[in-house]
Structure formats: structure tokens, C-alpha cells
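Q: sequence and predicted structure below; questions after.
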Amino acid sequence: MANGDIETAVQGWRAIAKTVGWSLRSAYRRRDELREAGVVFYRKTGRPPKKAVFHFPSRLKDWIARKSAAGEKI
């Protein structure tokens with residue numbers, strides 16, 4: 001991402017799964033790991049407020065690169 005560009009957060013587990021190449025179920029299974037790594041975050045949206053998951057694609061790709069560099073399977 002170039003300096004000064006603003007990245008938009010993407011909503012939903014399907015988007016996360018698609019970005020990584022996982023099934024939706026795999027994304028759900030790894031949600032705690034992703035949250036602890038700071039890749040995903042939750043926000044209350046709508047009326048009545050519901051908890052929704054968001055991620056920044058650049059953070060997700062950085063996390064994948066770190067895991068791969070450490071020799072861990074994604």
C-alpha cells in the first residue's frame with residue numbers, strides 16, 4: 001500500500017476465507033488465532049447491534065507471510 005493510501009476494512013468470514021483460500025469452516029475454526037494475532041477485529045453494527053467481524057487485507061497477508069516464513073502451514 002502506498003504512503004497516504006487509506007485501506008478499507010472488509011467485513012465477513014467469507015471474505016477472510018476467500019482471501020486466504022480456506023473454506024468458511026476453516027476460517028471459523030481459526031478465528032481465535034486470527035483475533036490474537038490482531039488480524040481480525042469485531043465491531044457492533046446495525047439495529048439491534050450485532051457483532052460483525054472485519055479485517056484489513058494487508059494485515060491478513062502479512063500474517064500469512066509471517067506464518068510461512070516460520071515454516072508453519074497456513
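A: Good, I have the coordinates. Numbers count the residues shown, from 1 in each chain.
Q: would you map the strands across this protein?
A: With DSSP state E as the criterion, the chain has strands at 10-11, 40-45, 50-55.
Q: with distance to R31 and mean neighbour count as added columns, please give these in TSV.
A: Glycine gets a C-beta too; all of them are placed from N, C-alpha and C. Listed next are the strands of the chain as TSV, based on distance: least, CB to CB, whole Å; neighbours: other CB atoms under 10 Å:
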stretch	distance to R31	mean neighbour count
strand 10-11	14	15
strand 40-45	7	13
strand 50-55	8	15
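Q: low-scoring stretches of this structure, by residue?
A: For the chain, the stretches with pLDDT under 70 are 1-4.
Q: centre of the chain to the biggest helix by length in it, how far?
A: The longest helix of the chain (DSSP state H) is helix 57-69. How far helix 57-69 lies from its chain's middle: 10 Å, per CA atoms, centre = their mean, to the nearest Å.
Q: hmm, who's touching it?
A: M1, E7, V10, I16, T19, V20, L34, A37, G38, V39, K73, I74 (CB atoms under 8 Å, 6 or more residues apart in numbering).
Q: swap the cut-off to 7 Å and go again
A: M1, E7, V10, I16, T19, V20, A37, G38, V39, I74 (CB atoms under 7 Å, 6 or more residues apart in numbering).
Q: give the buried residues for that helix.
A: Neighbour counts over helix 57-69 (16 or more other CB atoms under 10 Å) mark R59, L60, W63, I64 as buried.
Q: same question for stretch 22-41.
A: In stretch 22-41, counting by 16+ other CB under 10 Å, buried: W22, A27, R30, L34, V39, V40.
Q: can you give me the end-to-end span of it?
A: Terminal residues of stretch 22-41 are spaced 19 Å apart (CA to CA, to the nearest Å).
Q: what's in contact with it?
A: For stretch 22-41, contacts defined as CB under 7 Å, 6+ apart pick out W13, R14, I16, A17, V53, F54, H55, R59, L60, W63.
Q: thanks a lot, see you next time.
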